[in-house]
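1. only geometry, no sequence info:
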C-alpha cells in the first residue's frame with residue numbers, strides 16, 4: 001500500500017470534466033461570465049490549451065477541447081441538451097445572472113426563490129452546458145410524509 005494520499009492536495013474529490021469546442025475561448029468565457037479562476041492550463045503541440053482546470057471557492061472542474069484524442073463532444077456540437085448540469089453556489093445570484101448574460105450566456109430561467117430555500121437561476125453557456133447559480137436565502141424544512 002502506498003503512503004501517498006489518494007488524491008493530490010489541490011484537487012477536489014469530485015471534479016467534472018467538460019468537453020468544449022475550444023478550451024482557450026471557453027476559459028475566457030468562464031472567467032468573464034462566472035468569475036471562475038483558471039488554476040492550470042497545459043498547451044498542446046499547436047500551442048492551444050489541451051487541458052485546463054478552473055476553480056470556484058473550494059470547487060474545481062477541468063475542461064479540454066474536442067480533438068482526435070478525445071471522442072467526447074460539447075453539447076452544442078452534438079445539437080443536444082446536456083444530460084448533466086452544474087449547480088453553483090454564489091454570494092449574489094442576481095448579480096451572477098446579470099454578469100453571465102452580459103458575457104453572452106443565455107437565460108433559461110431568471111433568479112427565483114425555490115421551495116428548498118435557494119434563490120436560483122439557470123443559464124446556458126455557449127458550449128451548451130446548463131449552469132444553475134444559487135444563493136441560499138432561507139432554511140429548508142421538509143414536511144414529513146403523512
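-> Here it is on my side, so go on. Keep in mind the model is a prediction, meaning the values are calculated, not measured.
2. Now do the helices in this protein.
-> 23-34, 75-78, 93-102 (DSSP state H).
3. Tell me which of the ones you listed lies nearest to residue 126.
-> Closest of the helices of the chain to residue 126 is helix 23-34, at 6.1 Å (criterion: C-beta to C-beta). The C-beta positions use only the backbone N, C-alpha and C, and glycine is treated the same way.
4. Which strands and helices lie in contact with the closest one?
-> strand 37-43, strand 49-56, strand 59-65, helix 93-102 (3 or more C-beta pairs under 8 Å, 6 or more residues apart in numbering; DSSP states H and E).
5. partners of the third one in the sheet?
-> Strand partners for strand 59-65, identified by DSSP bridges, are recorded as strand 17-20 (parallel), strand 49-56 (antiparallel).
6. mean confidence for that strand?
-> What strand 59-65 shows for mean pLDDT is 97.
7. Lovely, talk soon.
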